[in-house]
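Q: Make a model of this:
(2 chains)
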Amino acid sequence: MFGGGAGYDLWFGGHVTPLLPQSFFDSYGVSDISENGTAVGIEYALDTELAVWPLLSQTPRLTPGPPVVGDVSSNEGITIDALEDIWTWEINPTDTPDGYKNGVELGNVTYINNQFTGTRILPVRVNNQGDMASLNASLSINSYYMNNDVLNFNPSDISNEINGRVFVAGIDQVTNTIDVWDSQTQSIQTVPRITGTSAPYASLSAATTLLNGQRVPAIQMVDNFYLWTMNPATGQFGAPQALNDLIPSTPSGAGWSLFEADLGAIFGSHIINDNGVIAGQAYYTPTGPNDPIPAGNRGVLLLPCQFSLLNGAQSGPDGKDFNGNRPTTISATSNYASSTMISNAQSANQTNIIGTDPLGTGRSDAPFAGNSYISSLMMLAKVSPPAATNITYGWNRTYSLRAVAIAQTATNTWYVTAINFSTGIPTPKQDLDSSMYGYQTTVPSTNNNVVAIYDDPGMYISPFTNYATHIGDYAYQKRVFTYSLTNAIGTASAIATQQVGTYILARRGATNGVVATDWTGKENITCTTNIPDCSTVTIPEIRAIVSPSTNTIILDPSVTNNYP
Amino acid sequence: MKTRIALPLSMLGLVLGLVLGIQPVKAQNEPVLNGSTLKAEDIAAKADAVFVGEIIQMGFPNPSAPGLASYGTQVKVLQVLRGSVDAQITVTIDTHAMNREEPPKVGTQYIFFVKKEGDHFKALKLLTATDANIAKVKALIAAAPAPK
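A: Sure, this is the predicted structure:
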C-alpha cells in the first residue's frame, strides 16, 4: 500500500514489455522520455549511435544510428529539445570540447545555445524552452549557471519551464545534500541524501497539477533509486520512496525484481523529464512457462496516481478534499446529489449517501435489502497522463473478510463463532464485474483527471440471528478491500493499489424477527488506516467490543477457518 | 346465409400469439443462474474445468459490489466433463440482481463452468443439469479447445 496525501504522492509502474528489445537494455540504459507526459519516446545515448524508440508503436521514430559524428564517449552529454533536435557534446579532457546538433558538429560547446561568453561553457541540460544549466569549465573558473544565474551547487538536471518557472536539482558537494533551486523564488531547498549513497546525481521531472483551481508545479526528483515528490500546496519535498517499492513483484518471486530507474546523473545521461513520467528499467521474471513475456530487462514507466477515499467523513485523513477539488459528479457534502454514475449503481430504494446508511437500508437487492448494515464509499484516483493519451485505465477490487457472532451463554461467557460467508481467506476474492454495472469510470475527468469507483458494502445480519440469539449479543465483521488501478499501454498493464478497511458492529436489541428493528448499528467504519487483520479475531479485539463486561471470552475454532 | 366459423379457444390463442409474436411457453422454466448473460459456448473455452455437481452446502452471501451477492458453496463432483477437479470442492457463486439471478439450491445438480482462483474455484456459469443441457455442453467441449 502506498501512502496518501495531497499532491503527487502515489505512483504506479507501467511496463512496456513488448516494445523494447532486450538487446537495447543489455548494455545501455534508458536515458530519457519526453514530450508532455505522453510517453512518446525513450532515447539512448550510446558510444556510437543514437536511437529514439517510441513507446506507443512498434516502429522506431528515429532509426538507431548512424553513429553520431564526433563520438559521444564516456563524458558524453545528450538532450533533445522541444523540436526534437538532438544535442550532444563531449568533454573528453584530451580533446577540445565539441558540440553537435543532430550529428552536425558545431565546434566548441561554448556556442551551443550561445548564452554565455568565455571558454569551455559546457551545457549540463537544456529544457523544452531552451533554458540551460551549464558549467564554466575554464581552468581558472569552475562554477555553474542556470542561464545567467549563478548556482552554488553542481547541477545535474533542470525541469521543464512551468509558467516561466524552472527548477534545478544538483548536489552540494560540500554538504553532500541534494539542492533544488527555484528560479521564481531564487531560493534553494535542501533534501538530505540517502545514507550510504553517493553519485550519481539527482534528476527532476516537472509537471503541473490543479490546486484550488490554480495550475501549479508538481515536481518529482529521483536520486540513487529513491523518489521525492514535491507537495504542490507547500512546495516542499516529502519523504523519499524507494523505487523498488513502487514496482510490486507479483506473485512473489516472479515479476519485476529489479528497478533501475533513473539514477540521476550529471551531463544528462540519465534524466527524467516532462510532466510526471519517469522512465527506467526493471528485470522481469516470467510467472510460468506460459507467460508470453520473456525474462529480461524491460522499459518501465512510473506514472503519478493519487488515491482518495470518500467515505462521508468531512475531516481527517480519509475525509479530506481531493487536492481541493472533488470530481464534478460529487458535491462537497456527504449527502451528494445523484450523478449518472451513482444513479446507475443504485436503485430507488437505496439511500443516496456516501457514508453509513441507516441499518436496514442501502441495498435493494435480495437477500440484503432490509437485512444489512451498509456503508457506501467511493474510491477516486487522480492519474496522469490524462485521457488524451493512449493510456487506458481500469479498476479491480478484491476483498478478505472475517465475521463473527459474539453471544452470551448461560455460563456468563462470551462465545465467539465465525459466520460462514464467502470470505476470500486466504486468497482474496474478486469483487468486481465491471460489465454488469456502471459504477465506475475509467476515463479521467476532463477537469481534474480523476477516475472513480463506487461500492456499497456492508454486513448481512440475517445469518447472525441463529448465532447471536440473545438481546445484547453482537454481530461483528471486518474486511479488507484492495482497490487496484490498472493501466494499459499497448498490451501491457500495471497496477497501483490502495487498501480500504471496514469495521462493522451491530448489537441485538430485540428478538422479533425483523433485522432493521431487532438490531442497532454500533459502528460502521471505512478507512485507509488501521487496516484490519482478517485471518482471525483475537481476545483483545472481542474484549474491546464487549467491554465493560469482564466475562470470559471463548473463541470457537471456526474463527480461524478458511471459509470458501 | 352467413356461415359462422367457430375456432377452438386454443387455436384462437395460437393465432393471436403468432400475430403478436408471442413465443410458446417452455414446458419447464429453468431458473436464472450465475452467468446468465454469458453463452455456454463462450465460457466453455475459458473455463478451467466443467463438471456436473451437486450443491451440498451453501455459505451465507455477503454484500459487496452493488447488486452482487456472493455465496461460498461446497460441491460434490458427480461427473467431470473437462479438466480435473477433486471429488468435493469449494466454489464461489455470484448472483447479479440486475439479471434477476437466483442462488443455486442445496441438493440440486448443476453443470459448473469454473475458473481456479487461488484456493478455490469461481463459477463462471451454472446450468441446470438436465440431460439435454449435459448433452449440449458435451458437444461444446468436444468442439472447443481446452484453455492454455
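Q: from here on, contacts and neighbour counts on C-alpha atoms
A: Noted.
Q: What about the nearest residue to A:Pro457 once chain neighbours are set aside, how many residues nearby?
A: In this structure, A:Pro457 finds its nearest non-sequential neighbour in B:Ser64, 4.2 Å apart by C-alpha to C-alpha, 6 or more residues apart in numbering or on different chains. Other residues lying near B:Ser64 total 23 when counted by other C-alpha atoms under 10 Å in any protein chain shown.
Q: quick one, what contacts B:Ser64?
A: A:431, A:455-458 (C-alpha atoms under 8 Å, 6 or more residues apart in numbering or on different chains).
Q: can you pick the most crowded of those residues?
A: A:Gly458 (28 neighbours).
Q: Test my guess that that one contacts A:Ala369.
A: No - applying C-alpha atoms under 8 Å as the test, A:Gly458 and A:Ala369 come out as separate, 11.3 Å apart.
Q: where's A:Pro532 relative to A:Gln477, distance?
A: To A:Gln477, A:Pro532 is 10 Å away according to C-alpha to C-alpha, to the nearest Å.
Q: Poorly predicted segments of chain B, please.
A: Chain B contains residues with pLDDT under 70 at B:1-28, B:144-148.
Q: which bits of it sit near chain A?
A: Residues of chain B lying near chain A by C-alpha under 8 Å from any C-alpha of the partner chain: B:59-67, B:70-73, B:90-92, B:97-98, B:117-120, B:148.
Q: Show me how to select, in PyMOL, the buried members of the residues you listed.
A: Listed next is the PyMOL selection for buried residues among the residues of chain B next to chain A, using 16 or more other C-alpha atoms under 10 Å in any protein chain shown:
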select buried, chain B and resi 59+60+61+62+63+64+65+66+67+70+71+72+73+90+91+92+97+117+119+120
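Q: tell me which residues in stretch B:129-147 are buried?
A: B:129, B:134, B:137-138, B:140-141.
Q: So which of those sit within helices?
A: Counted as lying in helices by DSSP state H, out of the buried residues of stretch B:129-147, are B:134, B:137-138, B:140-141.
Q: out of those, who's nearest chain A?
A: Using C-alpha to the nearest C-alpha, B:Ile141 comes nearest to chain A of those, at 22.2 Å.
Q: Distance-wise, check that closest one relative to B:Ala97.
A: 29 Å.
Q: Which other helices and strands does the lengthiest helix in chain A contact?
A: Using DSSP H, we find that the single longest helix of chain A is helix A:539-546. Judged by 3 or more C-alpha pairs under 8 Å, 6 or more residues apart in numbering or on different chains; DSSP states H and E, the packing partners of helix A:539-546 are strand A:552-555.
Q: Strand partners (parallel or antiparallel) of the strand it packs on?
A: strand A:413-418 (parallel) (DSSP bridges).
Q: what does the helix or strand that the partner strand is followed by contact?
A: Remark: after strand A:413-418, the chain's next helix or strand is strand A:429-430, criterion DSSP states H and E. Defining contact as C-alpha under 8 Å, 6+ apart, one finds that strand A:429-430 is touched by A:397-400, A:423.
Q: picking up where we left off before, make JSON lines out of the contacts of B:Ser64 and add pLDDT and secondary structure.
A: JSON lines is the format used below for the contacts of B:Ser64 (pLDDT from 0 to 100; DSSP: H, G, I helix; E, B strand; the rest coil):
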{"residue": "A:Asp431", "pLDDT": "84", "secondary structure": "coil"}
{"residue": "A:Asp455", "pLDDT": "84", "secondary structure": "strand"}
{"residue": "A:Asp456", "pLDDT": "84", "secondary structure": "coil"}
{"residue": "A:Pro457", "pLDDT": "90", "secondary structure": "coil"}
{"residue": "A:Gly458", "pLDDT": "93", "secondary structure": "strand"}
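Q: Out of these, which comes closest to B:Ile111?
A: A:Asp431 (22.8 Å; C-alpha to C-alpha).
Q: Check chain B for its longest strand and report it.
A: Identified as the longest strand of chain B according to DSSP state E is strand B:68-82.
Q: Tell me which strands that strand pairs with, and in which orientation.
A: With DSSP bridges as the test, strand B:68-82 pairs up with strand B:49-58 (antiparallel), strand B:62-63 (antiparallel), strand B:88-96 (antiparallel).
Q: Counting neighbours, which bits of it end up buried?
A: B:68-77, B:80-82.
Q: Now tell me what touches it from outside.
A: Contact partners of strand B:68-82, identified using C-alpha under 8 Å, 6+ apart, comprise A:420-423, A:563-564, B:48-63, B:85-97, B:103, B:138, B:141.
Q: quick one: secondary structure of A:Pro289?
A: coil (DSSP: H, G, I helix; E, B strand; the rest coil).
Q: count of residues packed around it?
A: Neighbours around A:Pro289, by other C-alpha under 10 Å: 8.
Q: Make sure A:Gln189 is actually in contact with A:Thr177.
A: No - with contact defined as C-alpha under 8 Å, A:Gln189 does not count as touching A:Thr177 (9.9 Å).
Q: Of those two, give the one with the bigger neighbour count.
A: Neighbour tally, A:Gln189 and A:Thr177, criterion other C-alpha under 10 Å: the higher count belongs to A:Thr177, 17 against 14.
Q: Read off the pLDDT value for that one.
A: With respect to pLDDT, A:Thr177 has a value of 84.
Q: Report the secondary structure element holding B:Pro66.
A: Short version, using DSSP H and E: B:Pro66 is in no helix or strand.
Q: phi, psi of it?
A: phi -50, psi 130 (degrees, to the nearest 10).
Q: now A:Val515
A: The phi and psi torsions at A:Val515 (degrees, to the nearest 10) take the values phi -60, psi -50.
Q: Quick check, central residue of chain B?
A: B:Leu127 (2.3 Å; C-alpha atoms, centre = their mean).
Q: Is it in contact with B:Val137, as I believe?
A: No - B:Leu127 lies out of contact with B:Val137 (C-alpha under 8 Å); the separation is 9.5 Å.
Q: Can you get me a residue count around B:Val42?
A: Actually, residue B:42 is Asp. It isn't Val. Around B:Asp42 there are 11 other residues, counting by other C-alpha under 10 Å.
Q: That one and chain A, how far apart?
A: 16 Å (C-alpha to the nearest C-alpha, to the nearest Å).
Q: three-state assignment of that residue?
A: helix.
Q: So what does A:Arg193 have for phi and psi?
A: phi -80, psi 160.
Q: who are the neighbours in contact with it?
A: A:176-178.
Q: picking that back up, and of the buried residues of strand B:68-82, the nearest to chain A?
A: Set against chain A, the nearest of those by C-alpha to the nearest C-alpha is B:Gly72 (4.5 Å).
Q: need the contact list for A:Asp473.
A: A:405-408, A:507-508.
Q: give me that answer again for 7 Å
A: Each residue near A:Asp473 by C-alpha atoms under 7 Å, 6 or more residues apart in numbering or on different chains is listed here: A:406-408, A:507-508.
Q: between those, which is nearest chain B?
A: Checking the contacts of A:Asp473 one by one against chain B (C-alpha to the nearest C-alpha), the nearest turns out to be A:Ile406, at 17.3 Å.
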